[in-house]
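*Asks:* coordinates only, sequence not included:
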């Protein structure tokens, strides 16, 4: 059984411990570069995260109650799995009533996938869950860890100046001065601080001298209580098309044992080859009950099935158009929707409609 009763460490801040009106925030450390530090020989090693306040004395100046929770074994984000996403979601669910916002420290390589997955799993979320991390460890000079974490905490605590309601009731990613919806984030850089961009949707906020929120782009507070889903279908794959792709490659991917869904990364506005063998491969997969979600390889724009002859066959065989969804959000959406175990028509409806802001209406 997963251990959800992990110890909480209270970090010293300037907040009055007796003031119940002060925002209560929980930092969850899952792993990643942000948790590395330089040892005496100059090597990067995992630091004792309970000493975060020593590495970041800026935390002591925050006007919030801040607690820290570290996973028993930090996860390199390249090793993250759907089981880790479910564990993290349930961990947030366990502490949901005790905190006003959550900051998840995570490795950058798969942060966009994790943020998208939690967006789906945490249904009716009414509090901020802000993913952040760093390109340079907190113990190194010129690290971006301090700025990213401090600002993520400020976002998690933010309230509307007039209504005092939660400012960002979403799962999101904050990195290098921009706040991105969790289902719109994509890692674009491995060598620069501006590692993420918001694809096909404006940032939810920008951090300059102050925090500038785009309230028109932020989802409204839900009218229901939080529901933490506990199942994701891991039997999904991604098939990226390219000129010269062979029948053997397509059959190898679509013929994977236990495959339940596949993201088709197609050209332009959702186009693909019209060769008989390719269409036959798709038809056979659909006949076996494999769901196919059509996503464009383009960074901007959207899938419009049937606009050209090269995508008109998709509608006939039951391929679902992904509109302007990212691959990261499409993969995790397939896992989520198929994990619900619903009948075919309802599954098709959910795959095609916007669930967590992943599709522009």
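*Replies:* Done, it's in. What you see is a predicted model; the values in this text were computed from it and never measured.

*Asks:* Give me the contacts around stretch 233-249.
*Replies:* 81-82, 250, 253-254, 256, 258-267, 272-273, 277-278, 281, 297, 327, 331, 334-336, 338-339 (CB atoms under 8 Å, 6 or more residues apart in numbering). C-beta: built from backbone N, CA, C; applies to glycine.

*Asks:* What are the buried residues along it?
*Replies:* Judged by neighbour count using 16 or more other CB atoms under 10 Å, the buried positions of stretch 233-249 are 233, 235-237, 239, 241, 245.

*Asks:* Could you tell me the end-to-end distance of it?
*Replies:* End-to-end distance for stretch 233-249, by CA to CA, to the nearest Å: 23 Å.

*Asks:* Off-centre distance for it?
*Replies:* Chain-centre distance of stretch 233-249: 23 Å, with CA atoms, centre = their mean, to the nearest Å.

*Asks:* Okay, and the most centrally placed residue in the chain sits in which element?
*Replies:* In the chain, the residue lying closest to the centroid (CA atoms, centre = their mean) is residue 115, at 1.5 Å. Using DSSP states H and E, residue 115 sits in helix 111-121.

*Asks:* buried subset of the contacts of stretch 233-249?
*Replies:* Neighbour-count burial (16+ other CB under 10 Å) is assigned, among these, to 82, 250, 253-254, 259-267, 272, 278, 281, 327, 331, 334-336, 338-339.

*Asks:* how many neighbours does residue 143 have?
*Replies:* Residue 143 is flanked by 21 other residues according to other CB atoms under 10 Å.

*Asks:* Let me fix that, I meant to ask about residue 282.
*Replies:* Count around residue 282 with other CB under 10 Å applied: 22.

*Asks:* That one in helix, strand or coil?
*Replies:* helix (DSSP: H, G, I helix; E, B strand; the rest coil).

*Asks:* My read is that residue 69 contacts residue 5, right?
*Replies:* No: between residue 69 and residue 5 there is no contact under CB atoms under 8 Å: 10.5 Å.

*Asks:* neighbour count winner among the two?
*Replies:* Using other CB under 10 Å as the criterion, residue 69 and residue 5 rank with residue 69 on top: 17 against 6.

*Asks:* Tell me where the chain has helices.
*Replies:* Applying DSSP state H to the chain gives helices spanning 52-55, 82-95, 111-121, 145-157, 247-254, 276-287, 309-317, 327-339, 344-352.

*Asks:* Nearest to residue 192, out of those?
*Replies:* Among the helices of the chain, the nearest to residue 192 by CB to CB is helix 145-157 (13.7 Å).

*Asks:* which other residues reach the closest one?
*Replies:* So helix 145-157 is contacted by 23, 25, 27, 33-34, 56, 58-59, 62, 64, 66, 100-103, 105, 128, 130-134, 136-138, 167-168, 172, 174-177, 179, 205, 207, 211 (CB under 8 Å, 6+ apart).

*Asks:* where does this structure have low pLDDT?
*Replies:* In the predicted model, the chain carries pLDDT under 70 at residues 1, 18, 35-40, 42-53, 137-142, 191, 193-194, 306-311.

*Asks:* Spell out which residues make up each domain of it.
*Replies:* Using automatic domain parsing, the domain parsing of the chain gives 9-228, 236-352.

*Asks:* could those domains go into CSV alongside distance to residue 361?
*Replies:* As requested, the domains of the chain are arranged in CSV below (distance: least, CB to CB, whole Å):
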stretch, distance to residue 361
domain 9-228, 11
domain 236-352, 9
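
*Asks:* Pull up the gap between residue 188 and residue 280, please.
*Replies:* To residue 280, residue 188 is 36 Å away according to CB to CB, to the nearest Å.

*Asks:* give the contact list for the nearest residue to residue 350 once chain neighbours are set aside.
*Replies:* Using CB to CB, 6 or more residues apart in numbering and skipping the chain neighbours, the partner closest in space to residue 350 is residue 337 (4.7 Å). Contacts for residue 337 (CB under 8 Å, 6+ apart) come out as 347, 350-351, 355.

*Asks:* For residue 264, which residues are in contact?
*Replies:* 239, 241, 272, 292-295, 319.

*Asks:* bridging residues for it?
*Replies:* Residue 264 has the following beta-bridge partners by DSSP bridges: residue 239, residue 294.

*Asks:* is it true that residue 228 touches residue 122?
*Replies:* Yes: Residue 228 is within contact range of residue 122, at 6.2 Å (criterion: CB under 8 Å).
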